[in-house]
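Participant: Requesting a structural model of the entry that follows:
(4 chains)
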Number of protein chains: 2
Amino acid sequence: MYEDLQVEHSSTVDRVAEEIRRALFAGRFEPGMPLREVALSEAMGVGRSTVREALAMLVADGVAVRTPNKGVAVKELSTADVSDLSRARVALESAGVRRWDDATPEQRSAVTAAADSYAELAESVTDPGVLTEAHLQIHRGLVGLTGSRRLLAAADAYNAELRLGLAHLDRVRGNVAEQVRSHRSLVTLLEAGRLDEAAAELDRHLAAAEVSLSDAIGRDTIDT
Amino acid sequence: MYEDLQVEHSSTVDRVAEEIRRALFAGRFEPGMPLREVALSEAMGVGRSTVREALAMLVADGVAVRTPNKGVAVKELSTADVSDLSRARVALESAGVRRWDDATPEQRSAVTAAADSYAELAESVTDPGVLTEAHLQIHRGLVGLTGSRRLLAAADAYNAELRLGLAHLDRVRGNVAEQVRSHRSLVTLLEAGRLDEAAAELDRHLAAAEVSLSDAIGRDTIDT
DNA sequence: TCCTGTCTGATTGTCTGACAATAACGCTAG
DNA sequence: CTAGCGTTATTGTCAGACAATCAGACAGGA
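Facilitator: Numbering: from 1, shown residues only, chains lettered A, B, ... in the order given. Sure, this is the predicted structure:
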């Protein structure tokens, strides 16, 4: 009778982790910057154990790194990471594309709706974070076509890493119009059932994303 | 000069998590059984915070579940979980198979060596846990062909869930000889470069694993 | 100059103890 | 038999403590 009722059970640890995550995605912490337990606990008015648990979550998510006896630091994406991420994206998302015919209507519309939403935002919104978020939703939807929650969770993890990487170079983002075109073409091919061509388009799209991101990172790491 | 020297940095938390994991894989804890913090800390002679961190790791791994204010319990695999796992396996491992030609010699030999090792163990070893371990190594190797550490990590996570599921029904394990045949055929097709046929063989192999596992679980859950 | 040993301060890893909030269980009264 | 009420067990969170470890400074010796 009351199936649709839900109360959010947000623990302190979750809120702390979410807060730090937001700061990371907003680019407020430099890559490599240490996340000190006492400083964070005092700043947020919570116990150190709570912060520790939150940091462990971020490490499990892949957006932070723990070095034994040295603590947790904001993850630095190397070009090796970017190419690894790219391989993971290609594998999962093209697996999704290949299963378009077996996907449920909800799973398909998650893709098309996200693409529409991105195209719409691309014209009006200026905040790069919002656009990144919308963009990743499309790719998340593609993984969703596989119908596996576990793969979606894996995709969420690497999308978080991507957001982290993009947080510091939103200015150098590539041609948004080209992105919109590529997404639209992908959706069109999917809906036409031309899955091989769709996979090829996706491959190109992801390859372009990889070079653009790894170029930007390469430039950055030379600077610093 | 000293690049190859390494010291293992094992924290107490890691050891505790590993110990509990072993017990889980050995089937010493029933699915759904709660993992009490105080009891574990007293049994293992460590602080409660340490146990909490270890449990958080197990939850992140997917072998245990946390319910707010109720604690952590051994994960129960539902048939929905099994089919989800199966979809994830198909996606990741066939992605690996499709990239056989691009894989490094090390990545390829990880697959073939694991298959050989499994075939060898199948004749001599009786301990089902050891055999399961060897079996999963093969499938891990297939994911490794994608060349992405992140996908390997995802595969490790779902393999841990599989081991958990298999821990309680090792007796009903299917025909080992058939397994060996299927693996051998898969490796042969791969080395011959007949990737499409290899992918088809893999599909059959994984589909068979799914029905066998979900049958066993279905039977079990009716009993209890 | 370069290396080594030592000192010091900061930080993590771990333990202990505490307490409120929550959930599970049994009891009692109606 | 059910609603309501205590009791108990357990988690979530905090505070404080201490050893182990690390980074940097600094002095002394080859």
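
Participant: Show the contacting residues for whichever residue of chain A sits closest to DNA strand C.
Facilitator: Nearest residue of chain A to DNA strand C (C-beta to the nearest atom of the strand) works out as A:Gly71 at 3.1 Å. Every residue, glycine included, has its C-beta placed from N, CA and C. In this structure, A:Gly71 makes contact with A:Pro34, A:Leu35, A:Arg36, A:Glu37, judged by C-beta atoms under 8 Å, 6 or more residues apart in numbering or on different chains.

Participant: Next, it: phi, psi?
Facilitator: phi 100, psi -170 (degrees, to the nearest 10).

Participant: Which helix in chain A has the most residues?
Facilitator: helix A:195-223 (DSSP state H).

Participant: now the strands for chain A?
Facilitator: A:34-35, A:64-67, A:71-74 (DSSP state E).

Participant: Which one, of those strands, ends up nearest to DNA strand D?
Facilitator: That would be strand A:64-67 among the strands of chain A, by C-beta to the nearest atom of the strand, at 7.7 Å.

Participant: Just list what that closest one packs against, helices and strands only.
Facilitator: Strand A:64-67 is packed against helix A:48-61, strand A:71-74, with contacts defined by 3 or more C-beta pairs under 8 Å, 6 or more residues apart in numbering or on different chains; DSSP states H and E.

Participant: The nearest residue to A:Gly218 once chain neighbours are set aside: neighbour count?
Facilitator: Closest residue to A:Gly218 apart from its sequence neighbours, by C-beta to C-beta, 6 or more residues apart in numbering or on different chains: A:Thr79 at 5.9 Å. Using other C-beta atoms under 10 Å in any protein chain shown, A:Thr79 has 14 other residues around it.

Participant: List the residues that contact A:Thr79.
Facilitator: Counting by C-beta under 8 Å, 6+ apart, A:Thr79 has contacts A:Ser214, A:Ile217, A:Gly218.

Participant: if you set the cut-off to 10 Å instead, what comes out?
Facilitator: Counting by C-beta atoms under 10 Å, 6 or more residues apart in numbering or on different chains, A:Thr79 makes contact with A:Glu210, A:Leu213, A:Ser214, A:Asp215, A:Ile217, A:Gly218, A:Thr221.

Participant: Same check on A:Val51?
Facilitator: Applying C-beta under 10 Å, 6+ apart, the residues near A:Val51 are A:12-13, A:16-17, A:20, A:35-44, A:72.

Participant: And the pLDDT for it?
Facilitator: In this prediction, A:Val51 carries a pLDDT score of 98.

Participant: Could you pull out the helices in chain A for me?
Facilitator: Under DSSP H, chain A gives helices at A:12-25, A:37-44, A:48-61, A:79-98, A:105-124, A:128-144, A:149-167, A:176-191, A:195-223.

Participant: now the lowest-mean-pLDDT helix or strand in chain A and helix A:176-191, what's the angle there?
Facilitator: For chain A, counting by mean pLDDT, DSSP states H and E, helix A:195-223 ranks last in confidence among helices and strands (a mean of 85). Here the directions of helix A:195-223 and helix A:176-191 differ by 150 degrees (axes from the mean of the first three to the mean of the last three C-alpha atoms, to 10 degrees).

Participant: Show me which parts of helix A:195-223 are buried, residue by residue.
Facilitator: Residues of helix A:195-223 classed as buried: A:195, A:198-199, A:201-202, A:205-206, A:209-210, A:212-214, A:216-217, A:220 (neighbour count, 16 or more other C-beta atoms under 10 Å in any protein chain shown).

Participant: What is that helix packed up against?
Facilitator: helix A:79-98, helix A:128-144, helix A:149-167, helix A:176-191 (3 or more C-beta pairs under 10 Å, 6 or more residues apart in numbering or on different chains; DSSP states H and E).

Participant: Determine which of the helices and strands packed on strand A:64-67 approaches B:Val111 most closely.
Facilitator: helix A:48-61 (28.1 Å; C-beta to C-beta).

Participant: buried stuff in that closest one?
Facilitator: Applying 16+ other C-beta under 10 Å to helix A:48-61 flags A:Thr50, A:Val51, A:Arg52, A:Glu53, A:Ala54, A:Leu55, A:Ala56, A:Met57, A:Leu58, A:Val59, A:Ala60, A:Asp61 as buried.

Participant: Mind putting these into JSON lines with distance to DNA strand D?
Facilitator: Formatted as JSON lines, the buried residues of helix A:48-61 follow (distance: C-beta to the nearest atom of the strand, whole Å):
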{"residue": "A:Thr50", "distance to DNA strand D": "3"}
{"residue": "A:Val51", "distance to DNA strand D": "8"}
{"residue": "A:Arg52", "distance to DNA strand D": "10"}
{"residue": "A:Glu53", "distance to DNA strand D": "7"}
{"residue": "A:Ala54", "distance to DNA strand D": "9"}
{"residue": "A:Leu55", "distance to DNA strand D": "13"}
{"residue": "A:Ala56", "distance to DNA strand D": "12"}
{"residue": "A:Met57", "distance to DNA strand D": "11"}
{"residue": "A:Leu58", "distance to DNA strand D": "15"}
{"residue": "A:Val59", "distance to DNA strand D": "17"}
{"residue": "A:Ala60", "distance to DNA strand D": "16"}
{"residue": "A:Asp61", "distance to DNA strand D": "17"}
